[in-house]
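Trainee: sharing a model that was predicted from the sequence below.
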Amino acid sequence: MRLTPPGAAAATAAALTLTLAGCGPADEVRQDDSPPASAPATAPSPPSSGSASSDASSDGTGDEVVGTVVRFSGDDETVDVTIGEDSPATRDFLNMLPLTLDLEELNGREKIAYLPRDLEHDGSPGSDPEDGDLIYFVPWGNLGFYYDAEGIGYSDLTLHLGRYDAPLDDLERLEGEITVDVLP
């Protein structure tokens with residue numbers, strides 16, 4: 001008969017408990033019909049203004065992305081977006097262009113279009129969207145032109161891509177099948 005040393009069973013049980021503690025459920029992703037309305041209490045704070053682009057610019061890669069103008073064109077309207085982030089999501093979006101997308105109204109807050117595939121976004125910072133932002137919403141895999149972002153707070157799942165300065169009337173006319181391409 002083999003005996004285990006005293007305390008070995010307790011040490012094994014403690015190690016097993018610690019190992020299994022890491023197997024609990026991960027944070028849930030919202031699956032409802034709207035983007036998160038506010039940040040959870042434990043959400044990390046948004047990065048300081050310009051940190052992503054200034055870090056990228058210091059190694060020379062940011063100049064290729066930040067400031068790029070992307071044109072969204074429909075039958076009746078054109079809206080230009082200036083890229084404001086150098087992030088994995090922004091780079092992947094630009095690499096997908098040109099595209100043809102269907103742009104539609106969502107909840108009186110934004111115009112959205114679903115991309116043909118999810119963007120590579122690991123390492124892309126979340127954002128606190130504002131009117132005039134073009135965002136990528138991770139759970140749905142869509143682009144969004146916010147024009148009424150009031151009450152929508154910071155989320156790691158809402159990635160800022162750029163800004164548009166078109167008036168609301170122009171954005172309202174941009175609907176249905178649109179083409180998306182980088183301006184030379």
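Mentor: In hand now; what should we look at?
Trainee: how about low-confidence regions in the chain?
Mentor: 1-63 (pLDDT under 70).
Trainee: now do the helices in it.
Mentor: Ranges of helices within the chain are 8-21, 51-58, 88-96, 168-173, based on DSSP state H.
Trainee: mind giving me the packing neighbours of the last one?
Mentor: Think helix 168-173. If contacts are counted by 3 or more CB pairs under 8 Å, 6 or more residues apart in numbering; DSSP states H and E, helix 168-173 sits against strand 78-83. Heads up, the C-betas are built off the backbone N, CA and C, glycines and all.
Trainee: who does the strand it packs on pair up with?
Mentor: Strand pairing for strand 78-83, using DSSP bridges, gives strand 69-73 (antiparallel), strand 158-164 (antiparallel).
Trainee: just want the angle from that strand to helix 88-96.
Mentor: Going by axes from the mean of the first three to the mean of the last three CA atoms, to 10 degrees, strand 78-83 is angled at 130 degrees with respect to helix 88-96.
Trainee: got the contact list for strand 78-83?
Mentor: Contacts with strand 78-83, where a contact means CB atoms under 8 Å, 6 or more residues apart in numbering, come from 65-72, 90, 94, 134, 145, 161-166, 170-171, 174, 183.
Trainee: wait, Ile112 sits on Tyr147?
Mentor: No. Judged on CB atoms under 8 Å, Ile112 makes no contact with Tyr147 at a distance of 11.5 Å.
Trainee: what's the spacing between the closest residue in space to Glu130 that isn't next to it in sequence and Leu99?
Mentor: Among residues not flanking Glu130 along the chain, Ala149 sits closest, at 5.4 Å (CB to CB, 6 or more residues apart in numbering). Here the distance between Ala149 and Leu99 works out to 24 Å (CB to CB, to the nearest Å).
Trainee: neighbour-wise, which of those two wins?
Mentor: Remark: of Ala149 and Leu99, Ala149 carries more neighbours, 19 against 16, as counted by other CB atoms under 10 Å.
Trainee: surely the more buried one meets Ile135?
Mentor: No. Ala149 sits out of contact with Ile135 when judged by CB under 8 Å, with a separation of 9.0 Å.
Trainee: common neighbours of these two, please.
Mentor: Jointly contacting Ala149 and Ile135 under the rule CB under 8 Å, 6+ apart are Pro129.
Trainee: so how do I select the buried members of the contacts of strand 78-83 in ChimeraX?
Mentor: The following ChimeraX line selects those of these that are buried, judged by 16 or more other CB atoms under 10 Å:
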select :65,66,68,70,71,72,90,134,145,161,162,164,166,171,174
